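Chemist: Prediction below, plus the sequence it came from.
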Amino acid sequence: LASQPVVTNLTATNFVGIADSAISASAAGSVIVQGGTISGDFIPVAAVSFGTASSPASQGMFNTRMAYDSTSNKIVLAYEDSSSSNYGTAVIGTVSGTSISWGTPVVFNSASTADGSIDVVYDPDQDKSVIVYRDLGNSGYGTAIVGTVSGTSISFGSEVVFSTRSSYYINATYDSGQDKVLIVFADGSAPGYTYDGYMIVGTVSGTSISFGSEVQFESSAVSGTALAVQYDAAASKSLVLYAVSTANYAASITISSTTPSIGTKNNWASTSARNTEAVYVASSSKCVFAYSTTAANTPSFSAVTTIDSGTGDVTVAASTSIVSETAQNERGLAYDIGGALFLYVYNATSNNLAVALGSISGDSVTWGSPTVLDSSGYASANFPATVYNSTEAKTVIAYRNASDSQSVVATVTQNTPLTVGTKYYV
């Protein structure tokens with residue numbers, strides 16, 4: 001039997017190379033060798049690619065938000081349809097490989113909806129999706145409706161008003177520990193237009209949802225798109241982020257029965273944030289949020305938060321830059337569990353829609369160079385929606401460009417990482 005070869009590490013004198021002619025055993029010969037030392041602060045270890053775009057709805061798709069129905073393996077997309085009197089509309093998407101197909105849009109509110117205030121969450125315990133929105137056909141009241149997915153369509157129960165205040169900046173998250181839907185919003189009622197912050201808890205039963213009492217969490221004016229809420233399963237609490245005047249607050253919200261209570265507020269920055277999006281990273285037991293500042297022509301940043309499960313105190317780590325170029329108002333954030341990477345979608349100054357990948361390590365996120373998703377001219381006033389499909393291990397991005405509504409499936413590919421300071425030979 002032939003002896004097995006001895007496997008050794010390749011070095012400058014022990015390597016595999018390419019010769020320009022055959023070399024017999026034990027004979028001398030020349031081999032071309034190239035070597036170098038890896039340097040730099042970030043070595044790309046992943047790339048993102050996009051499948052063929054498909055249109056989920058009309059060109060009037062605005063203020064899009066998405067949730068993933070894990071039971072049906074479907075995407076639930078809720079939006080305001082500006083081509084149809086701004087009616088509240090939803091449509092169901094099915095991911096297959098690197099493409100997504102959509103069912104027929106279904107109207108859930110036959111009146112002007114959202115005005116920038118809409119969200120959708122999936123309740124896996126009840127196997128229902130809950131859409132929360134500002135109903136301009138009913139004095140701007142905060143309203144919720146329960147949807148049931150069947151095949152490629154969705155049906156709805158009756159609308160339920162959760163607040164008779166003129167409700168703005170509505171955001172929601174699902175508390176899996178309590179099987180509740182937590183909603184945060186601002187009160188823009190006349191004549192005061194105070195925009196102070198409120199929260200309320202909803203319980204889904206069948207095709208309806210009931211609510212506890214509203215609780216005020218902020219008496220100062222909450223700043224527009226800075227308001228965000230995300231459940232943290234490790235702490236069994238939700239993270240709420242918002243800005244008032246020149247302060248930025250991070251705090252935890254704990255649900256007891258149908259009553260929410262807010263913990264100590266951490267003023268983590270003095271310059272007001274906007275366009276805040278937050279996601280939970282189970283592998284790190286932390287939430288990560290992305291934001292920009294209210295200053296003109298500013299880049300985007302991210303920060304990592306940790307909630308103390310006992311005290312509820314929130315620690316916000318130092319911010320890191322996502323992209324150095326100016327990012328416009330429209331953006332979205334998702335976490336690809338399979339690839340262990342964040343996907344940050346934003347509208348660049350060049351009016352391209354681009355995606356940057358980020359990787360978490362401890363209390364920091366490192367971001368790579370962005371990849372252009374759509375260079376056809378992005379339509380303003382339409383936040384791109386992002387959601388991760390855990391069954392297919394894909395991220396879905398929905399947005400509107402200058403000519404039509406669009407959606408794509410994003411695939412993250414991991415490469416073998418190279419170590420800074422190490423020599424490699426080829």
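Modeler: Sure thing, it's come through.
Chemist: helices and strands around the longest strand along the chain, which ones?
Modeler: For the chain, the strand with the greatest residue count under DSSP state E is strand 106-123. On a contact count with 3 or more CB pairs under 8 Å, 6 or more residues apart in numbering; DSSP states H and E, strand 106-123 meets strand 61-69, strand 74-81, strand 87-96, strand 128-135, strand 141-150, strand 153-156, strand 160-175, strand 180-187. In this view, the C-beta of every residue, glycine as well, is placed from N, C-alpha and C.
Chemist: and with 6 Å instead?
Modeler: On a contact count with 3 or more CB pairs under 6 Å, 6 or more residues apart in numbering; DSSP states H and E, strand 106-123 meets strand 61-69, strand 74-81, strand 87-96, strand 128-135, strand 160-175.
Chemist: The helix or strand encompassing Asn267 packs against which elements?
Modeler: Per DSSP states H and E: Asn267 is located in strand 266-269. Judged by 3+ CB pairs under 6 Å, 6+ apart, strand 266-269 is in contact with strand 247-256.
Chemist: Now do the next helix or strand after the strand it packs on: distance to the chain's middle.
Modeler: Counting by DSSP H and E, the next helix or strand C-terminal to strand 247-256 is strand 259-262. In terms of CA atoms, centre = their mean, to the nearest Å, the centre of strand 259-262 is found 24 Å from the chain centre.
Chemist: what comes up buried for stretch 89-97?
Modeler: Thr89, Ala90, Val91, Ile92, Gly93, Thr94, Val95 (16 or more other CB atoms under 10 Å).
Chemist: Can you redo those residues as JSON lines, where the extra columns are pLDDT and distance to Gly103?
Modeler: Formatted as JSON lines, these follow (pLDDT from 0 to 100; distance: CB to CB, whole Å):
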{"residue": "Thr89", "pLDDT": "97", "distance to Gly103": "12"}
{"residue": "Ala90", "pLDDT": "97", "distance to Gly103": "10"}
{"residue": "Val91", "pLDDT": "97", "distance to Gly103": "6"}
{"residue": "Ile92", "pLDDT": "98", "distance to Gly103": "4"}
{"residue": "Gly93", "pLDDT": "98", "distance to Gly103": "8"}
{"residue": "Thr94", "pLDDT": "98", "distance to Gly103": "8"}
{"residue": "Val95", "pLDDT": "98", "distance to Gly103": "13"}
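Chemist: Could you point out which of those is nearest to Gly206?
Modeler: Closest approach to Gly206 among those (CB to CB): Ala90, at 18.4 Å.
Chemist: So the closest one sits against Ile154, correct?
Modeler: Yes - contact criterion CB atoms under 6 Å: Ala90 and Ile154 qualify, at 5.4 Å.
Chemist: which neighbours do these two share?
Modeler: Common contact partners of Ala90 and Ile154 (CB atoms under 6 Å, 6 or more residues apart in numbering): Val106.
Chemist: Show me what stretch 319-335 is in contact with.
Modeler: 275, 277, 279, 281, 290, 292, 297, 299-303, 342-349, 356, 364-365, 367, 370, 383-386, 388, 395.
Chemist: er, stretch 352-364 actually
Modeler: With contacts defined as CB under 6 Å, 6+ apart, stretch 352-364 is touched by 46, 48, 284, 304, 317, 320, 322-323, 341-345, 347-348, 365-368, 370-375, 378.
Chemist: Need the per-residue pLDDT for Ala25.
Modeler: Ala25 is assigned a predicted lDDT (pLDDT) of 66.
Chemist: try the one 10 residues further on
Modeler: At Gly35, the predicted lDDT confidence score is 58.
Chemist: one step back: weed out the non-buried ones from the contacts of stretch 319-335.
Modeler: By neighbour count, with 16+ other CB under 10 Å, these hold 275, 277, 279, 281, 290, 292, 300-303, 342-348, 356, 364-365, 367, 370, 383-386, 388, 395 as buried.
Chemist: Out of those residues, name the ones that lie in strands.
Modeler: 275, 277, 279, 281, 290, 292, 300-303, 342-348, 356, 364-365, 367, 385-386, 388, 395.
Chemist: For Thr143, which non-adjacent residue is spatially closest?
Modeler: Spatially, and ignoring its direct neighbours in sequence, Thr143 is nearest to Asp135 (4.3 Å; CB to CB, 6 or more residues apart in numbering).
Chemist: The one you found pairs with what?
Modeler: On the basis of DSSP bridges, Asp135 is bridged to Thr113, Tyr141.
Chemist: So what does the nearest residue to Ser58 once chain neighbours are set aside look like in phi/psi?
Modeler: Nearest residue to Ser58, sequence neighbours excluded (CB to CB, 6+ apart): Ser83, at 4.5 Å. For Ser83, the backbone dihedrals (degrees, to the nearest 10) come out as phi -90, psi 0.
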